[in-house]
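Enquirer: test case, fold it:
(one chain, ligands or ions: 2)
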Amino acid sequence: MTSTKAWAAQDASTPLTPYSFERRALNADDVQIEILFCGVCHSDIHQVRNEWGNSIYPMVPGHEIVGRVTSVGNKVTNFKIGDLAGVGCFVDSCGTCPSCSEGLEQYCESGVIGSYNSKEKDGTPTMGGYSDKVICKESFVLKIADHLDLSRVAPLLCAGITTYSPLRQWNVKKGDKVGVIGLGGLGHMAVKLAVAMGAEVTVLSTSKSKEEDALNLGAHRFTVTKDPEHLKEHRSYFNLLINTVSAKHDLNLYLSLLKVDGTMVLLGVPPEAPEISVFNLISRRRRLAGSLVGGIAETQEMLVFCAEHNVMADVEVIPINYINKAYERMMKNDVHYRFVIDMATL
Ligand code: NAP
Ligand code: ZN
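Expert: Numbering: from 1, shown residues only. Ligands and ions are numbered 1, 2, ... in the order given. Next comes the predicted model:
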């Protein structure tokens, strides 16, 4: 067993505190990684606070992990000690179902095994990246290029792939009109990636204060959504809407912004079920879709795309003891645009 230092939630209502636990001994196909940086995703808050009703405690959150390989099992072929490596939102899947066979491990028919708040095949709870090390099956570990700022790469492992995957799935190309709803961790990556793919990008935000940042991120237009009147000018305008909103909001307001055959992809997971106006959908053959992170092969492809296009997250690097404050700030939409924990502070 491998003793591991971490920060954990012990229940849904108290702050995260220091915690230590044992990770499994290295299996033959495992890679052990010393964690250097871990991004802070809003999914961490949803799960720490049991907002999805499926939380297992104690919980060590964190699924935007980058670090350096410190040990490898004797069947590992793709990594060696000293390599940079990343672990994202999941660490195992059945490997044989139709989804896994297509490289869509996130849609594994037996249920993908999350990096935390999940259970390994043997029933052991998984523990995430707010910790000093992680042990992960080689086939779920990502290669990270050497010359990049690792604190800015970490968020690609969730925010990056979660926005890249639907942009690719809906075949975003030059001139497509893409709207990004919510300018937080996912939203700001959606802007950078859609711009890199040649789209004309509009940010739809509740925060007037984020306008300048949105344009600096590469967005072409910015609209404050607090007043529904402002949305009227975008009616039947977008090919694709990437919805990253983490809290309850009116989807119908945004659906009406899609042109014929346009799609709104839900990425954000507010705990409350939304109400949908069917008229809104049928009146322009609009589509409402969802998307969950991305498979391992697509994540590696995204990392290459980001390295080629110099796309990285805009981050505020924090010490681990700032984590509860960071959560508070994210709940007030005060995130610019991803908090990333420097694990040397653990
Ligand atoms: P985040 O950094 O906290 O950003 C969320 C943004 O949503 C806020 O900054 C805010 O942007 C906007 N927002 C918040 N409350 C709102 C409201 N009531 N109405 C309208 N807009 C609101 O969160 P994140 O880490 O990007 O995650 C966003 C969501 O995606 C979370 O629900 C998370 O669980 C989910 N997620 C899903 C996947 C997936 O695979 N589908 C993966 C990762 C995360 P403005 O200030 O611009 O309005
Ligand atoms: Zn995430």
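Enquirer: give me the spatial nearest neighbour of residue 224, chain neighbours excluded.
Expert: Once its chain neighbours are removed from consideration, residue 224 has its nearest residue in residue 208; the separation is 5.0 Å (Cβ to Cβ, 6 or more residues apart in numbering). Just so you know, the C-beta spots here come from the backbone N, C-alpha and C atoms, and that holds for glycine as well.
Enquirer: excluding sequence neighbours, find me the nearest residue to the residue of the stretch 151-300 of the chain found nearest ligand 1.
Expert: Using Cβ to the nearest ligand atom, the single residue of the stretch 151-300 of the chain nearest to ligand 1 is residue 184, 1.8 Å away. Leaving out its chain neighbours, the residue that sits closest to residue 184 by Cβ to Cβ, 6+ apart is residue 335, at 5.2 Å.
Enquirer: and the strands in the stretch 1-150 of the chain?
Expert: Ranges of strands within the stretch 1-150 of the chain are 2-8, 17-23, 30-39, 65-72, 84-87, 90-92, 113-114, 133-137, 142-143, based on DSSP state E, counting those that start in this stretch.
Enquirer: for ligand 2, find the nearest of the ones you listed.
Expert: The closest of those to ligand 2 is strand 30-39. By Cβ to the ion, the value is 7.6 Å.
Enquirer: each with direction, which strands does that closest one pair with?
Expert: For strand 30-39, the pairing partners within the sheet under DSSP bridges are strand 65-72 (antiparallel), strand 133-137 (antiparallel), strand 338-342 (antiparallel).
Enquirer: quick one, what contacts the one residue in the stretch 1-150 of the chain that gets nearest to ligand 1?
Expert: Residue nearest to ligand 1 within the stretch 1-150 of the chain (Cβ to the nearest ligand atom): residue 42, separated by 3.1 Å. Taking Cβ atoms under 8 Å, 6 or more residues apart in numbering as the contact definition, residue 42 lies against 184, 185, 186, 246, 268, 330.
Enquirer: does the second one touch residue 155 like I think?
Expert: Spelled out, it's residue 185. Yes. In this structure, residue 185 is within contact of residue 155 by Cβ atoms under 8 Å, at 6.2 Å.
Enquirer: overlap of the contact sets of the two?
Expert: With contacts taken as Cβ under 8 Å, 6+ apart, residue 185 and residue 155 have 39, 313, 338 as neighbours in common.
Enquirer: for this protein, which residues are neighbours of ligand 2?
Expert: Counting by Cβ under 5 Å from the ion, the residues of the chain lying close to ligand 2 are 41, 43, 158.
Enquirer: could those be laid out in JSON lines, adding pLDDT and distance to residue 29?
Expert: Rendered in JSON lines, the data for the residues of the chain next to ligand 2 read as follows (pLDDT from 0 to 100; distance: Cβ to Cβ, whole Å):
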{"residue": "41", "pLDDT": "98", "distance to residue 29": "27"}
{"residue": "43", "pLDDT": "98", "distance to residue 29": "27"}
{"residue": "158", "pLDDT": "98", "distance to residue 29": "23"}
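Enquirer: in helices only, show me the residues you listed.
Expert: Using DSSP state H to define helices, the subset of the residues of the chain next to ligand 2 located there is residue 43.
Enquirer: identify whichever of the strands of the stretch 1-150 of the chain lies nearest to residue 104.
Expert: Nearest to residue 104, of all those, is strand 90-92, at 11.4 Å by Cβ to Cβ.
Enquirer: quick one: distance of the closest one to the chain centre.
Expert: Relative to the mean C-alpha coordinate of its chain, strand 90-92 is positioned 14 Å out (Cα atoms, centre = their mean, to the nearest Å).
Enquirer: list the helices and strands the lengthiest helix in the chain packs on?
Expert: The helix that spans the most residues within the chain, counting by DSSP H, is helix 296-309. Here helix 296-309 touches strand 142-143, helix 159-169, helix 185-196, going by 3 or more Cβ pairs under 8 Å, 6 or more residues apart in numbering; DSSP states H and E.
Enquirer: out of those, deepest packed?
Expert: Counting by mean count of other Cβ atoms under 10 Å, helix 185-196 has the highest mean neighbour count of the helices and strands packed on helix 296-309, with a mean of 28.
Enquirer: got the angle between that helix and helix 296-309?
Expert: With axes from the mean of the first three to the mean of the last three Cα atoms, to 10 degrees applied, the angle from helix 185-196 to helix 296-309 works out at 60 degrees.
Enquirer: what residues does helix 185-196 touch?
Expert: Here helix 185-196 has contacts from 39-42, 155-156, 159-160, 162-164, 167, 172, 178, 180-181, 183, 201, 203, 205, 213-214, 217-219, 242, 244, 267-268, 305-306, 309, 311, 313-314, 335, 337-338, using Cβ under 8 Å, 6+ apart.
Enquirer: quick one on the thing from earlier: neighbour-wise, which one of the residues of the chain next to ligand 2 leads?
Expert: The most crowded member of the residues of the chain next to ligand 2 is residue 158, carrying 29 neighbours; neighbours defined as other Cβ atoms under 10 Å.
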